[in-house]
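> Attaching a predicted model along with its sequence, questions to come.
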Amino acid sequence: MTEGTKSHYEVIVIGAGVAGIYQIKRLADLGMDATVLDGSPDLGGTWYRNRYPGARFDSESYTYGYSFSRELLNEWHWKERFSGQPENLRYLNHVADKFDLRKYMQFNAKVEAASFDETAHLWRLRIDDGRELTCRFVILAIGLLSTPTLPRLEGMDTFKGRSFHTFYWPHEPVEMAAKKVAIIGTGATAIQVIGEIADKVGELTVFQRRPNWAAPLNNGPISDEEMADIRSRYDDIFVACARSPGGFEHEPDRRGFYQVTREERLALWGKLYDEPGFGIWLRNFKEIFTDEKANSEFSEYIADRIRRRVKDPKVAEKLIPRDHGFGVQRVPLETRYFEAYNRSNVHLVDISETPIVSVTETGLRTSERDYEFDIIVYATGFDAITGAFDRIDIQGVGGEKLGTKWRTTISTFLGMMIHGFPNMLMPAGPQSGSASTNYPRGIETGVNWCTDLLEYMSANGYTRVEATAAAEKRWTDHVTNMYAMMLMRKAKSWFTGYNSNVPGHEQGTVRYLVYNGGAPKYVNTINAVATKGYEGVVLSADRGAAPSGSQPTAVA
């Protein structure tokens, strides 16, 4: 029976992005009866959808690729230090084809609902093509930034030009030469787009509500000689990633912020600013994440660098954030972003001063004036981390809806399991290590842990797994308490669940979505849970007949 005609599987994976591809590889290696469902026409997840100009890694390419296959590491040549979307999608297709994973995948198969059948001890999935599939285990690999959000503006459907969210950037080339283009937003995506297209359009008008801190990407090619050196060091590279809090090669400066002189701090910052990648954020002093005074001094240094790059002092000041310090939310990395505003064809509109009133047939209307455009680009972000879960009607024991459980307070066990939702696993769920780290390093950890759990269950005759309420509470309390130490607790970003375009996620509501303890601590914690026979988890056979030794204890 072929994929698409079967109705039951042991495991169904939802999502064929970076996490789903690795998850099905692990399941296939075990010989498990599994399939992957994805609503898109092809694999790739974020790298299939996000085709906007400038889309690329902010992780060093060679730290983003999978680590599970030495042969794969040896044969793939990353062309750039920070690889662009077309190459990234080619890489994921290469992985799928190399390991013959496409035969397990079903595309244009959007999951609308998933409910746990307590009588049959199965998950029932409703697909948008009318099918119902069942499985014993469902694994959600649905991505952290896979649910785009549009602004709530009147008249959006009246515009007669082209308009789209960056997530849905057209697959065919978009002709922008001599066009009047509007970009709404100055978040990470907009920063990439603006730097890439400023010299390719007729006029570009940027509508900014709140500026974001950004630092240079400093990208460059990787030569054959450098790639050969990287291959020879892969073991050391991945060890360094595993040792660092963020899963990158970058590790924090171990000197205390106040133990060195101002001159030494400036020397370090100048060096890091000119180096590639997240060093300016993650090789910095740890105090910039926790100490207001230290963060303020460093933020002022970055502000001065912005002023040196933007010629118009008034524009420069508008590009400097005032509502948060540098690094308290994920830092966008940019190429020629600030220099774009030195061009005569690029204009900045501060919509905190002159708000957008509506979209018109010909462009945008602010409280000050009307603008005419050929293209409107909505770079307005995502309903991050939980948005993709909310798009599926997920019901657990007793018909409890996950959307209801998570409406105001997020709670999980290890970010990978949820009490009341047995046999549902999330390799990169909210409150897991993946949400705050170099994503592939985090998802390999999560996928391996979930797969090892399934192996353990199979070897010991278990068919049902569920986190206890007590274990879930302890983990959620721990995640919440970790925020108290971090300046990010005050940020209006997806780290705190903020999104003004999603009802209920506006300012004033904090949702504790990410684990702030760092990758090494997270890995040690989840490994300890497994070593203790999956402490904090109820393991049982069908009909509640638990084998001996399966009584759970709450996680510490």
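In hand now; what should we look at? Not measured: the values here are computed from a predicted model. Residues are numbered from 1 along each chain as shown.

> All the helices of the stretch 251-400 of the chain, residue numbers only.
Per DSSP state H, counting those that start in this stretch, the stretch 251-400 of the chain carries helices over the ranges 262-273, 279-282, 292-309, 313-318, 337-340, 387-390.

> Just the CA trace of the first one, in PDB.
It stands for helix 262-273. The C-alpha coordinates for helix 262-273 follow below in PDB (Å, rounded to 0.1, in the frame of the first residue of the first chain):
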ATOM      1  CA  ARG A 262      36.100  50.600  29.600                       C
ATOM      2  CA  GLU A 263      38.900  50.600  27.100                       C
ATOM      3  CA  GLU A 264      39.000  46.800  27.100                       C
ATOM      4  CA  ARG A 265      35.300  46.600  26.700                       C
ATOM      5  CA  LEU A 266      35.400  48.900  23.700                       C
ATOM      6  CA  ALA A 267      38.200  47.000  22.100                       C
ATOM      7  CA  LEU A 268      36.300  43.700  22.400                       C
ATOM      8  CA  TRP A 269      33.100  45.300  21.000                       C
ATOM      9  CA  GLY A 270      35.000  46.800  18.100                       C
ATOM     10  CA  LYS A 271      36.500  43.400  17.200                       C
ATOM     11  CA  LEU A 272      33.200  41.600  17.500                       C
ATOM     12  CA  TYR A 273      31.300  44.100  15.500                       C
END
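
> Could you check that helix and say which residues are buried?
R265, L268, W269, L272 (16 or more other CB atoms under 10 Å). Every residue, glycine included, has its C-beta placed from N, CA and C.

> Now do the last one against M416, distance only.
In this structure, L272 lies at 34 Å from M416, with CB to CB, to the nearest Å as the measure.

> Put together a markdown table for the buried residues of helix 262-273, with distance to V523 on each row.
Listed next are those as a markdown table, based on distance: CB to CB, whole Å:
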| residue | distance to V523 |
| --- | --- |
| R265 | 31 |
| L268 | 28 |
| W269 | 30 |
| L272 | 26 |
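
> For A228, state which of those is nearest.
L272 (26.8 Å; CB to CB).

> which residues touch that closest one?
Listed by CB atoms under 8 Å, 6 or more residues apart in numbering, the contact partners of L272 are G279, I280, R283, N284.

> With G398 instead?
Contacts of G398 by CB under 8 Å, 6+ apart are E118, G420.

> From W123, how far off is it?
In terms of CB to CB, G398 sits 15 Å off from W123.

> Also R307?
Taking CB to CB, one finds R307 at 55 Å from W123.

> quick one: the closest residue to K318 other than its chain neighbours and F373, what's the gap?
With CB to CB, 6 or more residues apart in numbering as the criterion, K318 has its nearest non-adjacent residue at 5.6 Å, and that residue is D350. Separation of D350 from F373 (CB to CB): 18 Å.

> So those two - more neighbours on which side?
F373 (23 against 16; other CB atoms under 10 Å).

> Off-centre distance for the helix or strand hosting R136?
R136 belongs to strand 132-140 when assigned by DSSP states H and E. Distance, stretch centre to chain centre, for strand 132-140: 24 Å (CA atoms, centre = their mean, to the nearest Å).

> Please identify the buried residues of the helix or strand following that strand?
Next along the chain after strand 132-140, taking DSSP H and E as the criterion, comes strand 162-165. Residues R162, S163, F164, H165 are the ones in strand 162-165 that count as buried (16+ other CB under 10 Å).

> how big is the angle separating the longest helix seen in the chain from strand 132-140?
In the chain, with assignment by DSSP state H, the single longest helix is helix 439-460. Angle between the axes of helix 439-460 and strand 132-140 is 120 degrees (criterion: axes from the mean of the first three to the mean of the last three CA atoms, to 10 degrees).

> which of the contacts of L272 tops the neighbour count?
I280 (28 neighbours).

> K271 is in contact with that residue, correct?
No: checked against CB atoms under 8 Å, the pair I280 and K271 is beyond contact range at 9.3 Å.

> tally of neighbours for L27?
Counted with other CB under 10 Å, L27 comes out at 26.

> Which helix or strand contains it?
Going by DSSP H and E, L27 is part of helix 18-29.

> which strands and helices sit next to the helix or strand following that helix?
Using DSSP H and E, the helix or strand that follows helix 18-29 in sequence is strand 34-37. Helices and strands touching strand 34-37, by 3 or more CB pairs under 8 Å, 6 or more residues apart in numbering; DSSP states H and E, are strand 8-14, helix 18-29, strand 105-106.

> Alright, that wraps it up for me.
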